[in-house]
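[1] here you go, sequence then predicted model.
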Amino acid sequence: MPRRCALLLAVLALLAPLSRAGLSPAERAAGWRSIFDGETFNGWRGYRADGPPAKGWAIEDGALHVIAGGGGGDIITTEQFGDFELALEFRVAPLANSGIMYRVAEIHGAPWMTGPEFQVLDDARDEALDPRHAVAAVYDLYRPAVNKPVKPAGRWNLDRIRVRDGIVQHYLNGMKVAEYDMRSKDWTDRIAGSKFRVYEGFGVQPRGHICLQDHGDDVWYRNIRIREFDKPAPGEIVLFNGNDLTGWTTRPRRGADPDAWSVRNRAIVGTPGGMLASERNYENFVLTFRWRSQQTPDADQSLLIRLGGEQTDRLAGVEIRLEPDNAGEIRNRTDAPLTITTPPRGSGMHTVPTSPDAWNHGEVIADGNRVTVFINGEKTAEATGCPAQPGAIALRCGSGGFRITEIRLTPIE
């Protein structure tokens, strides 16, 4: 091998773990941070221990490796988390078993006695496998979707766990495969009918550690990152102060009520009457908000980004629909030919709640010519070819009514 090629390969080998642990500008703007640097056990320790295990765990090629028969025990994060989203990659050896637990408290002899578990498993381990023990299940409590997109032993799978306002979601390779409500009677009933019923504090902790389980088999974890919903992202801008419409301007529809927008109970209330637009323009950003819609037969509400044009009600941007029946859809209101895709949604679990007390979470990432939309954690649409130009953030209510609050924007640098 020529010396120059050998040197290049050596440099790439050194950089590989760092690139896996790295975050894109858009991810940083969305609040993500790495909790495993790919090189050390910084941020991790043994369960009910002061430091990492002296045996049984290794760091190899940027991954945490649970060594089969190593006897290292479970490891947990030194930090505790309340409402969060965790993303990582895992790989299992043939027939291997492990798990990822969350909101773990160190009050019993093992992490699984307080923390619900995202099951990590080679499903080929047992031909008569209980579906509640399959990969991505809420272990022993909820089975995952039967059409889950799992990759076989030896290949990397992408796991995502989202915990927010009591709702917990398990994702596998981009698909939501399980969901439950920690505040529900169904959750408490399932615990009462399981082996967890004898452990005080199981599944009810408001905060806790993330745990990676040593089940005695070879399993690898890498690219471990998290974002906390109860902490602001670095550089975050609050677009709505909760008190009045400072920073916003109305663009009333011809003949409509110019006072259609108001503030009540720390939320912007929209009734039919054109648009409400931010006074400042933004180009590349992560936008988050909470909203709830009024369910009517002719509901017509949306949010627009990169809104162009003069101070009129003309639609001239990328539109994100907010009605209960099609929340998160993208419609093209630009002059450019956009390519809009809607990924498959997991197991029919994407319906937006419409009861008066049901607040939904929206996230819009505008990064260059790409716009991606998430509703309640689930990716609902993506558009490419979008004009990368500054424009206003706008709220639109054509009919029906809706409320929106906690509107925050973090520029992508």
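    Received the coordinates, thanks.
[2] got the buried residues for stretch 228-235?
    228-229, 233 (16 or more other CB atoms under 10 Å). Every residue, glycine included, has its C-beta placed from N, CA and C.
[3] following the helix or strand of the chain with the lowest mean pLDDT, which helix or strand comes up?
    Within the chain, no helix or strand scores below helix 3-21, which has a mean of 38 by mean pLDDT, DSSP states H and E. Using DSSP states H and E, the helix or strand that follows helix 3-21 in sequence is helix 25-29.
[4] ok, Pro390 to Ala336 distance?
    Noted for Pro390: a distance of 15 Å to Ala336, by CB to CB, to the nearest Å.
[5] neighbours of the spatially closest residue to Gly166 that is not a sequence neighbour, how many?
    Nearest non-adjacent residue to Gly166, counting by CB to CB, 6 or more residues apart in numbering: Arg183, 4.1 Å away. As a burial measure, Arg183 scores 12 neighbours (other CB atoms under 10 Å).
[6] do the same with Asn241
    Asn241 has 12 nearby residues by other CB under 10 Å.
[7] cool, and the one 3 residues further on?
    Number of residues near Asp244 (other CB under 10 Å) recorded here: 11.
[8] mind listing the residues bridging to the closest residue in space to it that isn't next to it in sequence?
    Using CB to CB, 6+ apart and skipping the chain neighbours, the partner closest in space to Asp244 is Val263 (5.6 Å). Beta-bridge partners for Val263, by DSSP bridges, are Ile268.
[9] my guess is Val263 contacts Leu245, does it?
    Yes. Under the criterion of CB atoms under 8 Å, Val263 makes contact with Leu245 at 6.4 Å.
[10] so between those two, which is more surrounded?
    Per other CB under 10 Å, whichever of Val263 and Leu245 has more neighbours is Val263, with 18 against 15.
[11] run through the stretch 51-200 of the chain and note the low-pLDDT ranges.
    For the stretch 51-200 of the chain, applying pLDDT under 70 flags no range at all.
[12] quick one, strands of it?
    Counting by DSSP state E, counting those that start in this stretch, the stretch 51-200 of the chain has strands at residues 57-60, 63-66, 75-77, 84-92, 97-104, 117-121, 157-164, 167-172, 175-181.
[13] a markdown table for these, including distance to Trp32?
    Below are these laid out as a markdown table (distance: least, CB to CB, whole Å):
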| stretch | distance to Trp32 |
| --- | --- |
| strand 57-60 | 21 |
| strand 63-66 | 18 |
| strand 75-77 | 15 |
| strand 84-92 | 8 |
| strand 97-104 | 16 |
| strand 117-121 | 18 |
| strand 157-164 | 11 |
| strand 167-172 | 15 |
| strand 175-181 | 19 |
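[14] Gly51: which of those strands is closest?
    If you check each of these against Gly51 by CB to CB, strand 75-77 wins as the nearest, at 10.2 Å.
[15] follow-up on the earlier one: could you dump the strands of the stretch 51-200 of the chain to CSV with distance to Tyr221 and mean neighbour count?
    Output for those, formatted as CSV (distance: least, CB to CB, whole Å; neighbours: other CB atoms under 10 Å):
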stretch, distance to Tyr221, mean neighbour count
strand 57-60, 10, 16
strand 63-66, 5, 22
strand 75-77, 10, 23
strand 84-92, 5, 21
strand 97-104, 8, 24
strand 117-121, 9, 25
strand 157-164, 9, 20
strand 167-172, 15, 22
strand 175-181, 19, 22
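[16] for Gly46, find the nearest of the ones you listed.
    Nearest of those (CB to CB): strand 75-77, 5.8 Å.
[17] how far off centre is the closest one?
    21 Å (CA atoms, centre = their mean, to the nearest Å).
[18] who touches that strand?
    35, 41, 43-47, 52-53, 57, 64, 104, 106, 111, 209-212, 214 (CB atoms under 8 Å, 6 or more residues apart in numbering).
[19] partners of the helix or strand hosting Arg225 in the sheet?
    Assigned by DSSP H and E, Arg225 belongs to strand 219-228. Its sheet considered, strand 219-228 pairs with strand 33-34 (antiparallel), strand 63-66 (antiparallel), strand 84-92 (antiparallel) by DSSP bridges.
[20] got the angle between that strand and strand 157-164?
    30 degrees (axes from the mean of the first three to the mean of the last three CA atoms, to 10 degrees).
[21] direction included, what does the helix or strand following strand 219-228 pair up with?
    For strand 219-228, the following helix or strand on the C-terminal side (DSSP H and E) is strand 237-238. If you go by DSSP bridges, strand 237-238 pairs up with strand 402-411 (antiparallel).
[22] can you list the domain ranges for this protein.
    Following automatic domain parsing, one gets these domains for the chain: 3-228, 237-411.
[23] hang on, the earlier thing: figure out which of the strands of the stretch 51-200 of the chain is closest to Phe240.
    So among the strands of the stretch 51-200 of the chain, strand 157-164 is nearest, using CB to CB, at 19.6 Å.
[24] just checking, what packs against that closest one?
    Using 3 or more CB pairs under 8 Å, 6 or more residues apart in numbering; DSSP states H and E, the elements in contact with strand 157-164 are strand 84-92, strand 97-104, strand 117-121, strand 167-172.
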